[in-house]
Every structure is written in structure tokens, then in C-alpha cells.
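> mind looking at a prediction? Sequence and model below.
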Amino acid sequence: MTNKISAKKAGLALFILLCVWTHCAAQTLVEVGKGYSRTSVNTTVFRNNSLVTHKGIQYIAYYDGDCYMVVGKRKLGSKEWELKRSQYKGNCADAHNIISLMVDGDGYLHLSFDHHGQPLNYCKSIAPGSLELGDKLAMTGVDEGNVTYPEFYRLADGDLIFVYRSGSSGRGNLVMNRYLLTEKRWERVQDVLIDGEGERNAYWQLYVDEAGTIHLSWVWRETWMVETNHDLCYARSRDGGKTWEKSDGEKYALPITAANAEYACHIPQKSELINQTSMCADKNGHPYIATYWRDQNSQVPQYRLVWFDGKAWQQQQVSHRTTPFSLSGGGTKRIPIARPRLVIKQEKKRNKIFYVFRDIERGDKVSMASSEGLETNKWTFTDLTDFPVDAWEPSYDTELWKSKQRLHLFVQRTSQGDGEKTTEMEPETVYVLECKL
């Protein structure tokens, strides 16, 4: 199955190119296929990854209009996709039940999908580069009965890291496995890396930098209610997740708890602090965390950047929003802004920050804020599409960015009812938005 951009869509791609010239040296909007859109299950920020590139081939995964998992691939630079509907179907009515995709060093696809407190759903392709998926597999066979938020990350040697929450909201623990490429098997790295002690759980974001350091940040949540999110914490590992330390090199005694965690930023409950955003690191290994919350003297949540400069934690307000909103209750929320993503490009020893988001104040388009240097505290804002994407949140091809500094975003217009409700929307086109920064 292949898909080609119509003349109208090609014109749209050219319009977008002109719109974002200040951000992108070149940009293309590539059509893939039709995806489920009655919830944001295809477009939540914590998919990690929706796209992944290995040896010049880019892979994609999403749910189609009938909730079957579709996998696809193309050669980088081509607009023609080979797509295959798999045998696996997900509960698309629940936006938690995302697909996470990665490719190991041998070229096998690994996918985990359809979880919100369900037993592990995990499979591999039957051969390197194949779109045909095998039967469901166990990993370690331990603590795999109540899985949520599966995420893969690739290490430099071709091994994979897999993390997920074991347990439920407000009462969960972060578990970490490693896929050993040479042995073709999974092993447990951490049974309980972050321990909620039966009182809370961590909602995390993770990043593996170019040196192989695993950066981990999280907010604590005291109950299943989103308004009980608080504080922003940090840990890193330089040995594949076996041992962990704080930003100053102090070793953690595991598991990490609320008492011994490093607090990058203290943020009280009921601050509209969002969970599960994103982070990255610069070439010096300094972590950067994208998120949002509101100040205590304001009703308007603002996008923020929190980072470690090598000596201390810093923070900066990115946006200047004027529209108030409040987060409360459980389930997937219909929020007027997306959780953000960011990438960092170093030029002449200066970090250029690119912050991708969606905001109702900008017409719910795919948007980007950029900074030429955080010392200026100046951000430039641009829309990357001229059409709304509604409940979309950004995910991108992390491996392509690391290897070639090319930003490819998964883009699809999706909707979301508040508290796991579906809406009436026909399947919408899935695109890859290519932007060379």
C-alpha cells in the first residue's frame, strides 16, 4: 500500500515551508494513511516512539479506523510507504492504550501496545525489517500483569531499554528491563526503580543521550486525581540503569522515594502541573525538561523549561498565555494545550532550543517556540501547520534526530472527550512532518 500527496496537499506543504522558514531549512508534509481519531490514542506525548529510523529506513505504527495496529516503513527521502495491518487490535476508546515502537541493533521491530492496567502486550517482527509481527511474548515474566505506559529506548550497542508502570495511578512503581541483543532475551534491570511506597506514584519522562546516559525526571502524584501532581525530580544512570545518581554525582540508595529524591523544582499540588511531558539533554549531558504549570498568583498555566546548567537547576517561562484552565479529576483530560516536546541543537557552543507544542490560543495548530540562547530569555513562536490538530500532542523520531539532527514529527488531527470519552470523528490522515532545523 502506498500513499501519494495530492497537488492540494503539496501546496499545503509549500505553504508550511514558507511559514516556518525561520525555524527550518527545509520542510515536507508526507501522507501515510488514515488513523483512529475519536480519542488521542495515536497522538499522546508519551508514545515514545511513534516513529523510529534504523539504517536509512523509517518505521511507523498507529491504530487505523478499526483500531487495528498498522505498521509501516519507507526509505528516508521517499514519500511512498509500505503499510501492513497487523493481527492486533487495541482498545482505542482509552487514550492510555498507546503503541510504543523501537528497532533493535539487528533491525527487529519491537512493539508494546494496548495497556491501561492490562497484562503485557509485546511482540517482535518475524525478521529484521519485516512488517509481519509474531505472537505475543513475555519479557521476564515477572510483574507483567498490570502494565501501563510502555516505552522503549535504544542504547548505542543496539540493546533496548523498556520501562513501564506496574500498578495503578497513585499506587504504582517504575519497572525497567533491558533487551540483550547478543543473547536475544530480556533481563530485569530494576524491579522498583522509583517506589511510591503504596502512597503515590511517579509519572516520568526519560531520555538516553549521545553518551548513553539515561536521564529520568518525574512528578509525584498522591492519588489518581491529576490535581495531586507535585514537584519535579531527577535521576541519571551511566551504566544502563543499574546504578543511579543525582545531578551532582551523589549515588542514590535504591529504590528512589519521595524522601531521597533530588528535587529539580518544588511545585505544590493544585498548580495545574501536568504529568508525562518530555526531556532531552545537550552535548554536555545536561538535562532539559519541558513541562507546564501555573504560578500561585495566577490562574493561567504557562509552558516552562527546567534545566541543569552543570552547577544548579534553572527554570524559565517559555509562553505568555492568557487563557486560564484547571486540571482536576481522573482519566484522559481534554486540555486546551498539548504536553510539549523539545530538541536541542548545538551550534558554535551555543544551545538552540526547539520547543514543540499545540495551544488553543494559536488555533490548535502544530507550533514551535525557539530560543537562540537561554541567557536572552527570548522565544520566537511559529506555526508549523495551517490546519488544526485538535487533541494532538507531539512525538518524533528520536533516533533520526540523534544521528542526523533531522526532526520528523508524527502528526494527525485527533479528538478527545474528557475522562476517557470518545467523540464523533472520522479517521484522519496520519502525516510525517519533516523539518530540518
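Structure received.
> note down every partner strand of the strand or helix carrying G167 and its orientation.
Secondary structure assigned from DSSP states H and E places G167 in strand 160-168. According to DSSP bridges, strand 160-168 has the following sheet partners: strand 147-154 (antiparallel), strand 171-180 (antiparallel).
> return the first one as PDB; C-alpha atoms alone will do.
Looking back up the chat, that one is strand 147-154. Only the C-alpha atoms of strand 147-154 are listed here, as PDB (Å, rounded to 0.1, in the frame of the first residue of the first chain):
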ATOM      1  CA  VAL A 147       1.100  -2.700  32.800                       C
ATOM      2  CA  THR A 148       0.700   0.900  31.800                       C
ATOM      3  CA  TYR A 149       2.800   3.400  29.800                       C
ATOM      4  CA  PRO A 150       5.200   1.100  28.000                       C
ATOM      5  CA  GLU A 151       8.200   2.800  26.500                       C
ATOM      6  CA  PHE A 152      11.300   1.600  24.500                       C
ATOM      7  CA  TYR A 153      14.700   3.300  24.300                       C
ATOM      8  CA  ARG A 154      17.600   2.200  22.200                       C
END
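> run the chain-centre distance for that strand.
Taking the mean C-alpha point of strand 147-154 and that of its whole chain, the gap between them comes to 10 Å (Cα atoms, centre = their mean, to the nearest Å).
> could you give the average pLDDT over that strand?
In this model, strand 147-154 has an average pLDDT of 96.
> ok, now stretch 269-284?
Averaged across stretch 269-284, the pLDDT comes to 96.
> name the nearest residue to S271, sequence neighbours excluded.
Using Cβ to Cβ, 6 or more residues apart in numbering and skipping the chain neighbours, the partner closest in space to S271 is W293 (4.6 Å). Backbone N, C-alpha and C define where each C-beta goes, glycine included.
> what does the strand holding G167 contact?
Among residues not part of strand 160-168, those counted as contacts by Cβ atoms under 8 Å, 6 or more residues apart in numbering are 102, 104, 110, 112, 115, 117, 120, 139, 143, 146-155, 172-179, 181, 186, 189, 193, 196, 201, 204, 206, 208, 214, 224, 240-241.
> how about that strand: buried residues?
With burial defined by 16 or more other Cβ atoms under 10 Å, the residues of strand 160-168 counted as buried are L160, I161, F162, V163, Y164, R165, S166, G167.
> which one of the residues you listed sits closest to W313?
When the buried residues of strand 160-168 are ranked by distance to W313 (Cβ to Cβ), V163 comes first, at 23.2 Å.
> how close does the closest one get to Y63?
22 Å (Cβ to Cβ, to the nearest Å).
> go on, I194?
In this structure, I194 and Y63 are 29 Å apart, going by Cβ to Cβ.
> would you map the strands across the stretch 101-250 of the chain?
Counting by DSSP state E, counting those that start in this stretch, residue ranges of the strands within the stretch 101-250 of the chain are 109-113, 122-124, 147-154, 160-168, 171-180, 185-194, 201-208, 214-221, 229-237.
> in a markdown table: these, plus distance to T380.
Formatted as a markdown table, the entries for those read as follows, by distance: least, Cβ to Cβ, whole Å:
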| stretch | distance to T380 |
| --- | --- |
| strand 109-113 | 37 |
| strand 122-124 | 42 |
| strand 147-154 | 30 |
| strand 160-168 | 34 |
| strand 171-180 | 36 |
| strand 185-194 | 36 |
| strand 201-208 | 24 |
| strand 214-221 | 26 |
| strand 229-237 | 25 |
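> among those strands, which comes closest to G417?
Between G417 and those, the shortest gap by Cβ to Cβ is with strand 147-154, which sits at 19.7 Å.
> relative to strand 201-208, how tilted is that closest one?
With axes from the mean of the first three to the mean of the last three Cα atoms, to 10 degrees defining the directions, strand 147-154 sits at 10 degrees from strand 201-208.
> name the surrounding residues that touch strand 147-154.
46, 48-49, 52, 96, 98, 100-105, 110, 112-113, 115-122, 160-166, 168, 172, 206-208, 214, 276, 399.
> is V430 in contact with Y63, as I believe?
No: in terms of Cβ atoms under 8 Å, V430 does not count as a neighbour of Y63; the distance is 9.8 Å.
> so what's the nearest residue to V389 once chain neighbours are set aside up against?
Counting by Cβ to Cβ, 6+ apart, V389 lies nearest to R413, which is 4.8 Å off, once chain neighbours are set aside. Applying Cβ under 8 Å, 6+ apart, we find R413 in contact with S37, F387, P388, V389, D390, W392, E428, T429.
> quick one: R413 and G198, what's the gap?
Distance of R413 to G198, computed by Cβ to Cβ: 40 Å.
> can you check I344 too?
Taken as Cβ to Cβ, the span from I344 to G198 is 37 Å.
> neighbour count winner among the two?
Applying other Cβ atoms under 10 Å to I344 and G198 shows that I344 carries more neighbours, namely 19 against 11.
> contacts only, for that one.
For I344, counting by Cβ under 8 Å, 6+ apart, the contacting residues are C280, A281, D282, Y288, N351, K352, I353, F354.
> the fourth one belongs to a helix?
No: for Y288, which was evaluated using DSSP: H, G, I helix; E, B strand; the rest coil, the result is strand, with no helix membership.
> and K345, bridged to which residues?
Beta-bridge pairing of K345, defined through DSSP bridges, involves K352.
> I'd say it and N351 touch.
Yes: counting by Cβ under 8 Å, K345 touches N351, with 7.4 Å between them.
> just for this protein, where's the confidence low?
Applying pLDDT under 70 to the predicted model, the residue ranges of the chain that meet it are 1-26, 168-172, 331-333.
> helices of that one, start to end?
With DSSP state H, the ranges of helices along the chain come out as 7-19, 398-404.
> for the last one, buried residues please.
Buried positions in helix 398-404, judged by neighbour count with 16+ other Cβ under 10 Å: T398, E399, L400, W401, K402.
> please produce CSV containing those residues, extended by distance to A261.
CSV is the format used below for the buried residues of helix 398-404 (distance: Cβ to Cβ, whole Å):
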residue, distance to A261
T398, 25
E399, 29
L400, 33
W401, 29
K402, 28
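> closest to D135 out of those?
Distances from D135 to these, taken as Cβ to Cβ, are shortest for E399 (26.2 Å).
> against L101, how distant is that closest one?
In this structure, E399 and L101 are separated by 11 Å, where distance is defined by Cβ to Cβ.
> between the two, which contacts overlap?
With Cβ under 8 Å, 6+ apart as the test, E399 and L101 both reach N49, V52.
> who's in contact with D397?
N49, L51, V52, T53, Q58, R406, L407, H408.
> wouldn't the fourth one be in contact with W401 here?
No: here T53 lies out of contact with W401, judged by Cβ under 8 Å, at a distance of 9.2 Å.
> overlap in contacts, the two.
With contacts taken as Cβ under 8 Å, 6+ apart, T53 and W401 have H408 as neighbours in common.
> who does K124 bridge with?
Under the criterion used (DSSP bridges), K124 bridges to H110.
> brilliant, that's me finished.
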